[in-house]
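Novice: quick one: sequence and predicted model below, then my questions.
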Amino acid sequence: MALTKEQLKDIETKLVELAAKQVGPLIKEHAGTQFEAFDDKANQVDLVTAVDKKIESIIKQSLSTLYPDFKFVGEESYEEDHTVIGKEPTFIIDPIDGTTNFIHGYPYSCTSMGLVENGVPVCGVVFNPHLDEMYHASAGNGAFLNGKPLKVTERELKLQQSVIALEAGSERSSGSSGDDNFDIKQATYRNLLSDQGGYIHGSRSCGSAAMNMCMVAAGKLDAYWEGGCWAWDVCAGWCILAEAGGIVVGGNPQEWEVPVDERCYLAVRGGCSQPAQKGFVKEFWSHVAGKLKYRW
Ligand code: LIP
């Protein structure tokens, strides 16, 4: 039995309360205090702290009490090759998105709490306590910033006149490893920025996928493209963006429909027609310099 709009709105409200009262204060208190207290994950630029893990356990404890029948997938408890996102309602949680920002004290760390049903994002809350920005949405109930409806200014969507979020990401091996994601990304960035290519107005980097998704949802960015982030980075923002009229497609060309754990995404704002969004996507894809490949 699918969750109703009313049930989803209630879940959204509870996630907002959890983010505001329990999680946000911890992120704000400990940001910029972990300079000597982080660990490497996949490499020396993929980082985690004890605060990430503590917050994930607080969120998991709270949600398992409130929704004992829902599944839970979290960045810090994910098991490669074992964690599966099925059809049942599943919370997909990044306790601190923008962990590098969190460690360095750059005010773009947030918590990202999403819910999928049948693999589709149906509820999302992203809270940046430094900027006091609470983005929240649930399917059919609209998207909000601090309780006010997200209104994207209606205007043309043109690649050349766009500002796009592009991330360095944590994969940095160039060529030698046979994994050419890094080189494809850098070549794509060049294609987009060059006056012989997309000649876009500019690129930005929040250092947080969730914040990038919310900036696109709010129409403050026109698009966001990344390969290598994870379902927990984008799940909440995906629902918020969809409820604000935006779309998410694959980061590789011709991938119009992708699962939440695709790990390679192109998010495009609303405030324009679907044909305009599709035209933008096709033109963007024409500048992608190869096929990005990731494992779950
Ligand atoms: C981060 C993502 C960001 C990506 C970083 C990192 P984390 O997530 O939000 O988009 O570029 O490499 O993966 O690790 O801070 O939760």
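Specialist: Perfect, I can see it now.

Novice: what about F182, which SS state?
Specialist: The assignment at F182 comes out as helix when based on DSSP: H, G, I helix; E, B strand; the rest coil.

Novice: please apply the same query to the one 5 residues further on.
Specialist: For A187, the secondary structure call by three-state DSSP comes out as helix.

Novice: against S173, how distant is the nearest residue to it once chain neighbours are set aside?
Specialist: What sits nearest to A187 in space, not counting adjacent residues and going by Cβ to Cβ, 6 or more residues apart in numbering, is A289, at 3.6 Å. Where you see a C-beta, it was placed from the backbone N, CA and C, and this is true even at glycine. For A289, the distance to S173 (Cβ to Cβ, to the nearest Å) stands at 16 Å.

Novice: these two: who's more crowded?
Specialist: For the pair A289 and S173, the greater number of neighbours falls to A289 (16 against 13), based on other Cβ atoms under 10 Å.

Novice: right, and the more buried one touches F182 too?
Specialist: No - proximity of A289 to F182 does not meet the contact threshold set by Cβ atoms under 8 Å, at 11.4 Å.

Novice: for I59, give me phi and psi.
Specialist: The phi/psi pair for I59 (degrees, to the nearest 10) reads phi -60, psi -40.

Novice: partners of the residue nearest to it when sequence neighbours are not counted in the sheet?
Specialist: The shortest distance from I59 to any residue that is not its chain neighbour, by Cβ to Cβ, 6+ apart, is 5.5 Å, and that residue is I93. Following DSSP bridges, I93 is listed with bridge partners G74, M113.

Novice: let me see the confidence value for I93.
Specialist: Confidence at I93, expressed as pLDDT, is 98.

Novice: how many other residues sit next to it?
Specialist: Taking other Cβ under 10 Å as the neighbour definition, I93 ends up with a count of 29.

Novice: with F284 instead?
Specialist: As a burial measure, the neighbour count of F284 was computed by other Cβ under 10 Å and equals 25.

Novice: that one and L166, how far apart?
Specialist: When Cβ to Cβ is applied, the distance between F284 and L166 equals 11 Å.

Novice: now S138
Specialist: Here S138 is placed at a distance of 29 Å from L166 (Cβ to Cβ).

Novice: higher neighbour count, these two?
Specialist: When neighbours are counted by other Cβ under 10 Å, S138 comes out ahead of the other of S138 and L166, with 28 against 21.

Novice: show the backbone phi and psi for the more buried one.
Specialist: Reported as degrees, to the nearest 10, the phi and psi values for S138 are phi -150, psi 150.

Novice: so who does it touch?
Specialist: If you count contacts by Cβ atoms under 8 Å, 6 or more residues apart in numbering, S138 has them with K5, L8, K9, I11, E12, V122, C123, G124, C239, E243.

Novice: hang on, the last one packs against Y135?
Specialist: To tie it back to what came earlier, the one meant is E243. No - under the criterion of Cβ under 8 Å, E243 lies out of contact with Y135, with a separation of 10.1 Å.

Novice: much appreciated, bye for now.
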